[in-house]
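Enquirer: pasting a predicted model and its sequence here:
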Amino acid sequence: MVHQKRTLLVTGGAGSVGSALVEYVYREKLADWDLRVFELNTAANERYLRQFKKRATIIYGDLRNAEQVSDAVRGVDAIIHLGAVIPPLADEHPALAEAVNVGGTRNIIEAMKAHTPDAFLLYASSISVYGDRLKSPYISVTDPLTPSLGDEYALTKMACEKMLQESGLQNWTIFRLAAMMNTRMVQYFVPTMFHMPIETPVEICWTIDSAVAFFNAIDCQPLRRRIFNLGGGPKMRLYYRDILVNFLKVAGIRGALLPENAFATCNFHCGFYADSQELEDLLHFQKHNLEEFLAAASNAHPWRRKLLEWISPFILPIVRFFLLRMSEPLIARKQKDKKLCYRFFGTESPVESQEVAYIVS
C-alpha cells in the first residue's frame with residue numbers, strides 16, 4: 001500500500017519563526033508531509049528559500065492577493081499562518097498592517113471555506129494583545145486584551161483572532177506567542193528595542209522550540225477551537241535589563257553603552273505566561289533553557305564577537321551615538337514631544353534625572 005503524504009502550507013516561511021519551522025519540517029518530516037511555503041517575493045526571501053526548492057514547493061505571492069492565496073491553499077491538509085507585517089513597520093504603516101495581517105488572514109479563511117474547509121489552521125497571534133503588564137507580569141489566556149497605546153500590530157492580531165473564531169471553521173487553533181528569538185537576532189539592534197521598559201518581565205521562546213510546538217499541534221485534537229499562550233516556560237524567563245546585558249556581551253560589546261533614559265517606561269508588552277505549562281504538557285516542545293540559547297547565540301558569529309570585544313573600548317562612544325539616534329523615547333524627551341512622551345512615559349512632561357545611569361555589559 002502506497003503511503004499517502006499530506007500537504008502542509010506555511011505562510012511567512014522566511015521569517016524568524018517561519019524559517020525555523022520550515023527548516024524543521026524539511027529536515028525531519030518530509031517523509032510524511034509535502035511542504036508548501038508561501039512568502040513575499042523579495043531578494044532576501046529568494047536567497048533564503050532557494051535551499052528548499054528541490055524538495056518543497058515555494059510559492060511567491062502576496063497575502064493581499066486573494067487569487068494567489070486561494071491557489072496556495074487549494075488541496076492542503078494543514079496551514080500554519082505566520083505571515084504578517086510586524087513592528088516597527090506595522091506601527092509606522094497601520095494601513096499596510098491592516099491590509100496584510102487582517103486582509104491576508106481573511107483571504108486564507110475564505111480560501112479554506114471554498115476549497116479545504118476541513119483543513120487545520122493554526123494562527124500565530126501575539127503576547128502584544130495583553131498590553132502593558134509591568135504591574136501584573138503573570139499572564140493567563142483568559143486575561144483581558146488591552147493593547148498598548150500606538151500598538152497597531154496588536155490591534156491586527158486581535159481582529160484576526162475574532163475573525164477566525166467567528167469564521168464557522170471547526171478545525172483551528174490560536175497561539176499567542178511570547179518573545180520569539182533566534183540566535184541571529186542577538187547581533188542586530190532596531191529602534192523598537194528602546195520602546196520596551198528595562199524592567200519589563202520577558203518570557204523567551206527559542207524559535208527552534210516553537211517550530212516543534214507548531215508542528216506537533218497539527219494532529220493534537222485537544223487544541224481544536226482553543227487559544228493558548230506559547231512561551232519557553234520558567235527556564236526562559238528574565239527581565240529586559242538582563243536581556244540587554246546578555247545580548248551586548250554576546251555581540252562582543254563591553255562597557256557602559258546605553259543610558260537608561262533612552263528607554264520607555266510604559267506602554268509596551270511582554271510578561272511571564274502563568275499558563276505556559278498547559279501547552280507544554282500537550283506538545284512537549286520546551287527543549288532548551290536560557291543558558292543554551294545564549295551559548296548558541298555566542299557561537300553563531302565567533303569572529304565578529306571576538307573582533308568587537310577587542311575594539312569595543314575604542315569605538316564605544318561611536319556605537320552609542322548611532323544607537324541613540326534610533327531611540328524615539330530619547331528623541332521625544334529632547335524635543336519635548338508631548339504626544340510621544342505620553343506614549344513612552346505616561347506623562348507629557350517626564351522628569352529628567354540629574355544623573356544618567358547606564359546599562360553595563
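Expert: Perfect, I can see it now. Numbers count the residues shown, from 1 in each chain.

Enquirer: low-confidence ranges, this structure, go.
Expert: Counting by pLDDT under 70, the low-confidence segments of the chain come to 1-3, 186-187, 354.

Enquirer: strands along that one, start to end?
Expert: In the chain, the strands defined using DSSP state E lie at 6-11, 33-39, 57-60, 78-81, 120-126, 138-139, 172-177, 179-181, 201-206, 226-230, 237-239, 256-259, 272-273, 358-360.

Enquirer: buried stuff in the last one?
Expert: What it means is strand 358-360. Within strand 358-360, the residues that count as buried by 16 or more other Cβ atoms under 10 Å are residue 359. Where C-beta positions appear, they are placed from N, C-alpha and C, glycine not excepted.

Enquirer: so what are the domain limits for the protein?
Expert: 6-185+202-237+268-296, 244-265+299-360 (automatic domain parsing).

Enquirer: and these, which is most packed in?
Expert: Burial of the domains of the chain is given as mean neighbour count (mean count of other Cβ atoms under 10 Å); domain 6-185+202-237+268-296 ranks first at a mean of 19.

Enquirer: elements contacting the longest helix seen in the chain?
Expert: Looking only at the chain and at elements set by DSSP state H, the helix with the highest residue count is helix 302-324. Helix 302-324 is packed against helix 240-251, strand 256-259, with contacts defined by 3 or more Cβ pairs under 8 Å, 6 or more residues apart in numbering; DSSP states H and E.

Enquirer: nearest to residue 273, out of the ones you listed?
Expert: helix 240-251 (16.0 Å; Cβ to Cβ).

Enquirer: from the chain's centre, how far out does the closest one sit?
Expert: From the chain centre to the centre of helix 240-251 is a distance of 18 Å (Cα atoms, centre = their mean, to the nearest Å).

Enquirer: give the contact list for the residue nearest the centre of the chain.
Expert: With distances taken as Cα atoms, centre = their mean, residue 180 lies nearest the centre of the chain, 4.7 Å away. With contacts taken as Cβ atoms under 8 Å, 6 or more residues apart in numbering, residue 180 has the following neighbours: 16, 17, 204, 205, 207, 210.

Enquirer: which residues touch the closest residue to residue 349 other than its chain neighbours?
Expert: Spatial nearest neighbour of residue 349, excluding adjacent residues (Cβ to Cβ, 6 or more residues apart in numbering): residue 341 at 6.8 Å. Contacts of residue 341 were listed using Cβ under 8 Å, 6+ apart, and they are 332, 333, 347, 348, 349, 350.

Enquirer: quick check: residue 341 vs residue 213, distance?
Expert: Using Cβ to Cβ, to the nearest Å, one obtains 39 Å as the distance from residue 341 to residue 213.

Enquirer: repeat that for residue 224.
Expert: Applying Cβ to Cβ, the value for residue 224 to residue 213 is 15 Å.

Enquirer: likewise residue 177?
Expert: 10 Å.

Enquirer: then stretch 125-143 to CSV, C-alphas only?
Expert: Provided in CSV are the C-alpha atoms of stretch 125-143 (Å, rounded to 0.1, in the frame of the first residue of the first chain):
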residue,chain,number,x,y,z
SER,A,125,-1.1,35.7,17.4
SER,A,126,1.0,37.7,19.9
ILE,A,127,1.6,38.5,23.5
SER,A,128,1.2,42.1,22.5
VAL,A,129,-2.6,41.7,22.7
TYR,A,130,-2.3,41.8,26.5
GLY,A,131,-0.6,45.2,26.5
ASP,A,132,1.5,46.7,29.3
ARG,A,133,1.9,44.1,32.1
LEU,A,134,4.6,45.8,34.2
LYS,A,135,2.3,45.9,37.3
SER,A,136,0.9,42.4,36.7
PRO,A,137,3.5,40.4,35.0
TYR,A,138,1.9,36.9,35.1
ILE,A,139,-0.4,36.4,32.2
SER,A,140,-3.1,33.9,31.6
VAL,A,141,-5.0,33.3,28.3
THR,A,142,-8.3,34.4,30.0
ASP,A,143,-6.9,37.8,30.8
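
Enquirer: got the contact list for it?
Expert: Taking Cβ under 8 Å, 6+ apart as the criterion, the residues outside stretch 125-143 that touch it are 144-148, 151, 153-154, 157-158, 160-161, 174-179, 197, 199-201, 227-229, 231, 266-275.

Enquirer: could you rerun that using 7 Å?
Expert: Taking Cβ atoms under 7 Å, 6 or more residues apart in numbering as the criterion, the residues outside stretch 125-143 that touch it are 145-148, 151, 153-154, 157-158, 160-161, 174-178, 197, 199-201, 227-229, 266-275.

Enquirer: stretch 15-27 now?
Expert: If you take Cβ under 7 Å, 6+ apart as the criterion, stretch 15-27 is touched by 8, 10, 12-13, 33, 35, 37, 48, 52, 55-56, 80, 82, 124, 180, 182, 207-208, 210-212, 214-215.

Enquirer: could you pull out the helices for this structure?
Expert: 16-28, 43-49, 66-73, 89-92, 94-97, 103-115, 152-165, 207-217, 240-251, 276-283, 290-300, 302-324, 328-335, 338-345.
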